[in-house]
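> Structure, please.
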Amino acid sequence: EPVSNPLPNHESRCPGKLVELSVGQTHYQVSGPEDGVPLLLVHGFASWSFAWQPVLPALDAAGFRTYALDLYGRGYSARPQGAYSIDRYLRQINEFMEKIGVQAPFRLMGWSMGGAIVLNFADRYPEKVAQLGMMAPAGLALKKPKGSGLLTLPLVGKLFATVLGRAALREGVRRNFSDPTRMKEFRDHIEVSARYPGYYQAPAST
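Residues are numbered from 1 along each chain as shown. Presented below is the predicted three-dimensional model:
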């Protein structure tokens with residue numbers, strides 16, 4: 001796969017750390033006691049590692065050393081060329097855990113699309129998984145979302161991502177919040193990720 005360039009001039013603004021993997025940099029945030037039980041946190045479709053902040057105090061208190069990574073195309077991680085497929089994400093997890101020195105078997109927790117990713121990881125690499133957790137996992141619907149097939153057509157998906165992607169994601173955030181007081185905070189974090197080229201193309205490819 002083509003190696004991507006780092007995101008321009010973003011290192012000083014990253015809330016976490018950066019590690020270089022085979023197709024680009026991965027940004028991640030660490031929390032919890034240094035001698036805690038390692039736990040990898042995988043976020044959802046349009047968000048990035050910030051989404052785990054509300055639950056980190058509880059995980060810290062439970063003795064976990066959490067590593068919340070930004071999937072490729074999201075947050076402060078690179079936007080590599082090529083398809084944003086399940087294989088790309090499983091490879092990212094494998095390389096990331098090896099790079100930061102967490103030995104298998106390890107623990108994973110996935111939220112929304114992250115739940116589908118960690119489930120696929122456990123299915124493909126059962127020997128690497130000590131425990132698996134999922135919060136509101138995506139990927140279990142019996143039918144594809146209406147109109148989603150259009151995104152796979154040549155040029156149409158790219159056009160959607162570049163022209164309509166911002167509006168579509170903002171509307172998706174609005175629909176999915178039961179507590180409207182938290183929506184602005186979440187949307188503002190998404191806007192940070194969206195500043196960098198390639199953000200809307202990644203969800204469209206996914």
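> Which residue, neighbours along the chain excluded, lies closest to residue 94?
Nearest-residue entry for residue 94: residue 125, 7.5 Å, with adjacent residues in sequence omitted and distances by C-beta to C-beta, 6 or more residues apart in numbering. The way it works is simple: take the backbone N, C-alpha and C, and place the C-beta from them, glycine included.
> Contact partners for that neighbour?
By C-beta atoms under 8 Å, 6 or more residues apart in numbering, residue 125 lies in contact with 90, 94, 104.
> Tell me the pLDDT of residue 138.
We have a pLDDT of 85 for residue 138.
> Check for me that it belongs to a strand.
No. Counting by DSSP: H, G, I helix; E, B strand; the rest coil, residue 138 falls outside a strand, being coil.
> sorry, back to before: for ChimeraX, write the select line for the buried members of the contacts of residue 125.
This is the ChimeraX syntax for the buried subset of these, where burial follows 16 or more other C-beta atoms under 10 Å:
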select :90,94
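> Of the contacts of residue 125, which belong to helices?
90, 94 (DSSP state H).
> my guess is residue 197 meets residue 79, correct?
Yes. Judged on C-beta atoms under 8 Å, residue 197 makes contact with residue 79 at a distance of 6.7 Å.
> More neighbours: which of those two?
Per other C-beta atoms under 10 Å, whichever of residue 197 and residue 79 has more neighbours is residue 79, with 19 against 11.
> For that one, give its distance to residue 189.
Distance check for residue 79 against residue 189: by C-beta to C-beta, to the nearest Å, it reads 17 Å.
> what does residue 109 give?
For residue 109, the distance to residue 189 equals 19 Å [C-beta to C-beta].
> between those two, who's got more neighbours?
Higher neighbour count among residue 109 and residue 189: residue 109, with 22 against 17, using other C-beta under 10 Å.
> May I have the secondary structure class of that one?
What three-state DSSP gives for residue 109 is strand.
> Report pLDDT for it.
Confidence at residue 109, expressed as pLDDT, is 98.
> Leaving out sequence neighbours, find the closest residue to it.
Per C-beta to C-beta, 6+ apart, closest to residue 109 is residue 133, 4.1 Å.
> Let me see the ranges of the helices in this protein.
Here the chain has its helices, by DSSP H, at 56-61, 86-99, 113-124, 156-159, 165-175, 183-194, 201-205.
> Minimum distance to residue 22: which of the ones you listed has it?
Closest of those to residue 22 is helix 86-99, at 6.0 Å (criterion: C-beta to C-beta).
> Which strands and helices lie in contact with that closest one?
Contact analysis of helix 86-99 by 3 or more C-beta pairs under 8 Å, 6 or more residues apart in numbering; DSSP states H and E lists strand 17-21, strand 24-31, strand 37-42, strand 64-69, helix 113-124 as its packing neighbours.
> Give me the buried positions along that helix.
86, 88, 89, 90, 91, 92, 93, 94, 95, 96, 97.
> and the closest residue in space to the third one that isn't next to it in sequence, how many neighbours?
The one in question is residue 89. Among residues not flanking residue 89 along the chain, residue 117 sits closest, at 5.0 Å (C-beta to C-beta, 6+ apart). Neighbourhood size, residue 117 [other C-beta under 10 Å]: 26.
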